[in-house]
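S.K.: task: produce atomic coordinates for the following.
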Amino acid sequence: MAVLESRLDVRSDAYRENRERMLEALARLDELYGEAARGGGEEAMARLRSREKMPLRERISLVLDRDSPFLEISPLAAWRSNYAVGSGFIAGIGVIENTECVILGHDPSVRAGAFNQFNSKKLMRGLEIARQNRLPYVQFVESAGADLRGEGGRSDPEASIRREITHFAESGRLFYEITELSKLRIPTISVVFGASTAGGAYQPGMSDYNIFIKGQSRVALGGPPLVKMATGEDADYEDLAGADMHARVSGLGDYLAQDELDGIRMCREVVAHLNWRKQGPGPSMPADDPIYDPEELLGIVNENLRVPFDMREVLARVADGSRFEEFKPLYGPTLVTGWTSISGYPIGVLGNNGPLMSESSEKGSQFIQLCNQIDVPMLFLHNITGFIVGTDFEHQGITKHGSKMINAVANSTVPHISIIVGASYGAGNYGMSGRAYETRFSYTWPTAKIAVMGPKQMAGVMTIVQRAAAERRGLDFDEAANDRRAETAEFWAEERSKGLYATSRVADDGMIDPRDMRTVAAISLSACHNNKVEGTKEFGTWRM
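M.R.: Sure thing, here's the model as predicted:
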């Protein structure tokens with residue numbers, strides 16, 4: 001396999017400027033990661049420790065194998081909202097007793113681990129990752145139930161009731177997903193660190209294995225206040241819902257731990273006896289490091305995404321030995337396709353070097369078929385403004401050929417991993433296996449932008465439509481007022497197209513440091529290979 005030849009000039013002014021802007025963005029990310037790690041703040045953390053409880057991140061670090069990585073999913077959820085950065089919830093992939101697991105839990109330092117719209121999305125995403133990739137599911141349970149404040153943060157009784165009804169209607173899916181994992185022979189393990197009441201009681205209730213902690217775990221369909229109102233009974237919390245009762249009387253508890261450390265030890269023992277085996281093939285290629293320094297990834301992409309770059313330069317600093325067997329290099333050059341490996345796992349790569357034209361769409365469709373034919377996962381590297389538009393291109397069949405590529409993506413059954421390096425606009429996001437296409441994992445760089453179209457294009461389209469509407473009505477078109485509207489629309493379109501906004505709304509699995517791209521891709525590929533890696537020859541009908 002040929003080795004990629006880099007033409008990146010790391011001494012150029014452009015490279016140095018790109019690198020400086022990227023480092024500034026990463027410094028901002030580090031601040032946000034630090035804010036998420038602080039949970040509910042010093043006072044809340046001190047309150048936990050005074051009750052002989054550990055912070056959630058400490059619990060997770062102790063359950064993991066020594067020196068093993070933890071790939072956190074959507075760590076910046078809820079940024080620029082009324083909720084804490086991170087949403088009071090942690091989800092990710094880690095190794096317990098040499099077994100890759102999905103591990104998640106509510107952070108009791110943030111509003112007592114209450115559910116909100118962001119951490120509910122993270123929880124469901126964790127369940128989806130476990131199901132798609134056949135990963136054992138470990139949940140650290142401790143939650144006060146639904147956070148009824150909403151985005152505004154005000155206690156409006158009527159709004160709270162509406163949110164409670166909506167949450168009730170949607171939250172039942174959580175229990176369905178947990179029991180479905182068990183049906184699929186994917187083990188589910190609950191370690192209950194605190195209160196788990198009402199609907200939350202079904203988290204351990206639906207799990208295969210339950211570990212309760214003496215004096216801490218409290219699981220009941222209704223706490224003492226509800227029992228009093230419903231039946232008139234004055235119930236004692238420990239007798240009604242305590243860990244000792246469930247271990248000795250109800251049978252809901254399978255293991256009774258003396259304290260949190262003991263519960264974490266038991267969790268590791270349970271995972272150890274699962275006798276878990278991956279169903280996909282292991283690494284089969286040499287896993288040597290790239291010959292180019294991953295540190296150089298910092299200076300490849302300009303913050304102005306109109307400035308072009310070659311996606312091969314990114315790949316050269318991620319692929320094993322910087323090797324790449326390019327497929328159809330002379331045809332449809334705005335899409336780079338070919339085969340390589342990452343940490344020994346064979347993978348097909350599709351990377352944008354411009355808009356998707358008819359030729360590059362055809363090439364992409366054929367390449368996706370070939371990867372399915374040989375059971376090889378695919379890595380999609382986005383920097384796409386969309387499929388090309390215009391009269392000549394429609395005459396050449398761009399809609400037909402673009403639809404063909406989306407068809408291929410939608411029907412492909414090998415694992416897809418998407419990384420948005422630059423732009424990912426419009427249907428180009430679909431053709432490059434965006435989140436809507438059951439992509440196994442999706443990540444963004446700090447330079448990423450994702451939207452229906454570019455902000456300037458969006459504002460310009462609005463102007464053209466409004467001017468035409470005024471002409472049809474015989475009205476004068478107020479250019480000054482339109483300029484103000486267009487400026488405002490462009491500003492908000494720009495703000496909401498930024499990768500940081502998308503990742504905060506759980507539209508991807510996290511924003512990554514470019515230097516970590518190889519590691520993140522490798523962990524994702526390893527997780528995918530817990531399940532069978534099987535391609536398909538069955539594709540929907542497309543126009544020839």
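S.K.: any idea how far residue 189 is from the closest residue to residue 431 other than its chain neighbours?
M.R.: What sits nearest to residue 431 in space, not counting adjacent residues and going by C-beta to C-beta, 6 or more residues apart in numbering, is residue 405, at 4.7 Å. Any C-beta I mention is one placed from the backbone N, CA and C, and that applies to glycine too. The gap separating residue 405 from residue 189 is 41 Å, by C-beta to C-beta, to the nearest Å.
S.K.: helices and strands of this protein: which one has the lowest mean pLDDT?
M.R.: helix 157-183 (a mean of 70; mean pLDDT, DSSP states H and E).
S.K.: related to what we said a few turns ago, residue 405 and residue 189: which is more packed in?
M.R.: residue 405 (29 against 24; other C-beta atoms under 10 Å).
S.K.: doesn't that one lie inside a helix?
M.R.: Yes - judged by DSSP: H, G, I helix; E, B strand; the rest coil, residue 405 forms part of a helix.
S.K.: surely residue 513 touches residue 26?
M.R.: Yes - with contacts counted by C-beta atoms under 8 Å, residue 513 reaches residue 26, the gap being 5.8 Å.
S.K.: identify the contacts common to those two.
M.R.: residue 446 (C-beta atoms under 8 Å, 6 or more residues apart in numbering).
S.K.: check contacts around residue 364.
M.R.: By C-beta under 8 Å, 6+ apart, the contact list for residue 364 reads 332, 335, 337, 350, 356, 405, 408, 431.
S.K.: please redo it, this time with the cut-off set to 7 Å
M.R.: Going by C-beta atoms under 7 Å, 6 or more residues apart in numbering, residue 364 touches 335, 337, 350, 405, 431.
S.K.: on the three-state scheme, residue 238 is what?
M.R.: helix.
S.K.: residue contacts, it?
M.R.: Applying C-beta under 7 Å, 6+ apart, the residues contacting residue 238 are residue 245.
S.K.: please redo it, this time with the cut-off set to 8 Å
M.R.: Applying C-beta under 8 Å, 6+ apart, the residues near residue 238 are 218, 244, 245.
S.K.: now do it against residue 107, distance only.
M.R.: Counting by C-beta to C-beta, the gap from residue 238 to residue 107 is 25 Å.
S.K.: next: residue 205.
M.R.: From residue 205 over to residue 107 (counting by C-beta to C-beta), the distance is 22 Å.
S.K.: cool, and residue 3?
M.R.: Counting by C-beta to C-beta, the gap from residue 3 to residue 107 is 46 Å.
S.K.: counting neighbours, go ahead and name the busier of those two.
M.R.: The neighbour comparison of residue 3 against residue 107 (other C-beta under 10 Å) goes to residue 107, with 29 against 14.
S.K.: what residues are up against that one?
M.R.: 39, 40, 55, 56, 86, 88, 89, 90, 113.
S.K.: go again using 7 Å as the cut-off
M.R.: Counted by C-beta under 7 Å, 6+ apart, residue 107 has contacts 39, 56, 88, 89, 90, 113.
S.K.: which of these fall in strands?
M.R.: 89, 90 (DSSP state E).
S.K.: from the contacts of residue 107, pick the one nearest residue 275.
M.R.: Using C-beta to C-beta, residue 90 is the member of the contacts of residue 107 that lies nearest residue 275, at 27.2 Å.
S.K.: okay, now the closest one: neighbour count?
M.R.: That count, for residue 90 with other C-beta under 10 Å as the rule, works out to 27.
S.K.: how near is it to residue 38?
M.R.: Residue 90 is 13 Å from residue 38, by C-beta to C-beta.
S.K.: kindly report the same for residue 177.
M.R.: As for residue 177, its distance to residue 38 is 30 Å (criterion: C-beta to C-beta).
S.K.: and for residue 258?
M.R.: Applying C-beta to C-beta to residue 258 and residue 38 gives a distance of 29 Å.
S.K.: out of these two, which sits in the busier spot?
M.R.: Using other C-beta under 10 Å, the more surrounded residue of residue 258 and residue 38 is residue 38, with 18 against 12.
S.K.: can you tell me the element the residue lying closest to the more buried one once chain neighbours are set aside falls in?
M.R.: Closest residue to residue 38 apart from its sequence neighbours, by C-beta to C-beta, 6+ apart: residue 45 at 7.6 Å. If you go by DSSP states H and E, residue 45 is part of helix 42-50.
S.K.: pull out the buried positions in that helix.
M.R.: 44, 45, 48 (16 or more other C-beta atoms under 10 Å).
S.K.: which non-adjacent residue is nearest the last one?
M.R.: By the measure of C-beta to C-beta, 6+ apart, the closest residue to residue 48 outside its immediate chain neighbours is residue 109, 5.7 Å from it.
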